[in-house]
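Trainee: Following is a predicted model, sequence given first.
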Amino acid sequence: MTKKAHSFSIRHVFWFGWKLVILVSVALCVLALLRLQSNSEVSSISFQPPVHRFSRVGVYEGNPKISFLFLVRRNLPLDFLWGSFFENADVANFSIYIHSQPGFVFDETTSRSPFFYNRQLSNSIQVAWGESSMIQAERLLFEAALEDPANQRFVLLSDSCVPLYNFSYIYNYMMASPRSYVDSFLDVKEGRFNPKMSPIIPKAKWRKGSQWISLVRSHAEVIVDDQIILSVFEKFCKRRPPIDVRKGKKNFKLQKQHNCIPDEHYVQTLLAMSDLESELERRTLTYTEWNLSVTKMEREGWHPITFSYANAGPQRIKQIKDINHVYYETEFRTEWCRANSSYVPCFLFARKFSRGAAMRLLSEGVVGSFDIAAFFDAPS
């Protein structure tokens with residue numbers, strides 16, 4: 001009786017083992033099928049040039065405009081300088097669009113210059129520095145400006161940007177070249193590329209550069225029509241949270257998160273993915289002076305120097321205007337500044353300028369004359 005029971009127990013264990021092997025095999029097959037399906041889906045959403053929503057029928061034959069796109073926090077503190085700049089221009093040669101705080105209206109109570117009245121977007125969003133909302137706001141500006149077929153050049157500006165030349169010079173400079181001006185270079189030092197972006201964004205196409213760009217119309221269309229690269233950025237390109245002493249040891253975990261600043265990579269990477277780099281002058285038209293700190297900790301928090309009245313004199317402005325090339329260390333590349341094959345000054349605009357610095361530009365006659373009384377009588 002004991003021997004028979006022992007034999008039954010062995011058969012039972014043997015049979016259970018076979019069932020377990022079969023179940024595990026089936027589970028592995030299912031997982032393999034799911035993985036194949038997942039890879040297929042990734043391949044199916046690999047980047048393809050988008051279908052353009054804006055017409056490209058022929059060459060625009062009317063008077064081409066430069067569209068000035070202001071990305072601001074709320075108001076335009078340097079509107080008095082820009083007002084003088086536009087006073088010296090033919091209104092048929094430019095247009096103005098402003099992305100500001102939702103609900104903020106530019107009128108006689110909030111702006112010194114009528115050029116900005118009601119130029120705010122009606123669909124603006126709340127923007128946070130270092131977040132994808134920044135590139136979404138940029139796209140809204142380009143989308144609004146593309147509605148006017150006369151807009152053939154598009155320049156993105158901050159609320160602290162100033163022009164370094166009069167309107168006529170800037171207009172002729174930008175219209176003379178069929179290329180966009182996009183600061184773009186290989187990002188090999190900071191490691192902001194998130195491997196999870198691959199295979200949609202291969203590392204070889206990852207670029208970095210200044211967000212202050214100037215585009216021709218066809219490239220502005222590429223930005224507005226993109227959905228694939230934008231969605232990858234929204235998911236995988238996020239700013240690492242700043243250190244918060246109140247969180248104590250939790251900061252160590254937060255600082256291990258991948259760090260990525262969307263507005264320093266999105267346009268550059270999208271245009272590289274679209275095989276459009278050969279159509280670019282790979283430099284920005286906007287000068288920025290950086291505070292080159294000496295310690296590693298300070299370098300991680302680099303910010304642009306703000307020009308004051310004292311350091312915005314004629315000699316310093318001339319030094320900026322005399323710059324004729326930019327060196328890109330990561331590519332060992334010197335970008336000599338050209339417009340339609342002719343050598344030109346590199347920069348048409350500069351930032352960050354205080355009100356005092358902007359007033360000095362006016363007093364030096366950089367952009368035109370200005371009635372100083374208007375500055376004090378108008379809204380603050």
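Mentor: Cool, got the structure.
Trainee: need the next SSE after the helix or strand bottoming out on mean pLDDT in the chain, C-terminal direction.
Mentor: Across the helices and strands of the chain, mean pLDDT, DSSP states H and E gives its lowest value to helix 296-299, namely a mean of 45. Next helix or strand after helix 296-299 toward the C-terminus (DSSP states H and E): helix 314-321.
Trainee: who does that next one touch, helix- and strand-wise?
Mentor: Helices and strands touching helix 314-321, as assessed by 3 or more Cβ pairs under 8 Å, 6 or more residues apart in numbering; DSSP states H and E, are absent. Every C-beta, even on glycine, is put in place using the N, C-alpha and C of the backbone.
Trainee: The next helix or strand after that helix: partners in the sheet, and parallel or antiparallel?
Mentor: Counting by DSSP H and E, the element after helix 314-321 in chain order, helix or strand, is strand 325-328. Strand pairing for strand 325-328, determined by DSSP bridges: strand 333-336 (antiparallel).
Trainee: buried sites along the partner strand?
Mentor: By neighbour count with 16 or more other Cβ atoms under 10 Å, strand 333-336 contains the buried residues residue 335.
Trainee: what does stretch 202-220 give?
Mentor: For stretch 202-220, by 16+ other Cβ under 10 Å, it's 205-217, 219-220.
Trainee: Which of those sits closest to residue 268?
Mentor: Of all those, residue 268 sits closest to residue 207, with 3.6 Å by Cβ to Cβ.
Trainee: In contact with the closest residue to that closest one other than its chain neighbours, which residues are there?
Mentor: The shortest distance from residue 207 to any non-neighbouring residue, by Cβ to Cβ, 6 or more residues apart in numbering, is to residue 268 (3.6 Å). Contacts for residue 268 (Cβ atoms under 8 Å, 6 or more residues apart in numbering) come out as 182, 183, 184, 185, 207, 208, 209.
Trainee: State the pair within these that is farthest apart.
Mentor: Spatially, the most separated pair among these is 182 and 208, at 11.2 Å (Cβ to Cβ).
Trainee: Residue 230: helix or strand, and which one exactly?
Mentor: Applying DSSP H and E as the criterion places residue 230 in helix 228-236.
Trainee: now that helix, how far from the centre of its chain.
Mentor: 13 Å (Cα atoms, centre = their mean, to the nearest Å).
Trainee: Could you do stretch 185-205 as well?
Mentor: 16 Å.
Trainee: and what of stretch 346-362?
Mentor: Centroid separation for stretch 346-362 versus its chain: 21 Å, with Cα atoms, centre = their mean.
Trainee: measure it end to end?
Mentor: This stretch, stretch 346-362, spans 21 Å end to end (Cα to Cα, to the nearest Å).
Trainee: Looking at that stretch now, give me its mean pLDDT.
Mentor: Averaged across stretch 346-362, the pLDDT comes to 95.
Trainee: For it, buried residues please.
Mentor: 346-354, 357-362.
Trainee: same question, stretch 72-81
Mentor: Neighbour-count burial for stretch 72-81 [16+ other Cβ under 10 Å]: 72, 75, 76, 77, 78, 79, 80, 81.
Trainee: Show the backbone phi and psi for the fourth one.
Mentor: Just to be clear, that refers to residue 77. phi -60, psi -20 (degrees, to the nearest 10).
Trainee: Now do the contacts for residue 284.
Mentor: Counting by Cβ under 8 Å, 6+ apart, residue 284 makes contact with 181, 182, 183, 209, 210, 212, 213, 214, 347.
Trainee: mind running it again at 7 Å?
Mentor: 181, 183, 210, 212, 213 (Cβ atoms under 7 Å, 6 or more residues apart in numbering).
Trainee: related to what we said a few turns ago, filter the contacts of residue 268 down to just the ones in strands.
Mentor: Of the contacts of residue 268, the ones assigned to strands by DSSP state E are 185, 207, 208.
Trainee: burial of the residue nearest to residue 136 when sequence neighbours are not counted, as a residue count?
Mentor: Leaving aside its chain neighbours, residue 136 sits nearest to residue 125 (6.2 Å; criterion: Cβ to Cβ, 6+ apart). Per other Cβ atoms under 10 Å, the neighbour tally for residue 125 reads 14.
Trainee: Which two of the buried residues of stretch 346-362 have the greatest separation?
Mentor: Going by Cβ to Cβ, the pair spanning the buried residues of stretch 346-362 furthest: 346 and 359, at 24.9 Å.
Trainee: what packs against the helix holding residue 230?
Mentor: Helix 228-236 is packed against helix 266-273, with contacts defined by 3 or more Cβ pairs under 7 Å, 6 or more residues apart in numbering; DSSP states H and E.
Trainee: Enumerate the positions of the helix it packs on that are buried.
Mentor: 266, 267, 268, 269, 270, 271, 272, 273.
Trainee: Please convert those residues to CSV, extending it with distance to residue 63.
Mentor: Shown next, in CSV, are these (distance: Cβ to Cβ, whole Å):
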residue, distance to residue 63
266, 31
267, 27
268, 31
269, 34
270, 29
271, 27
272, 33
273, 33
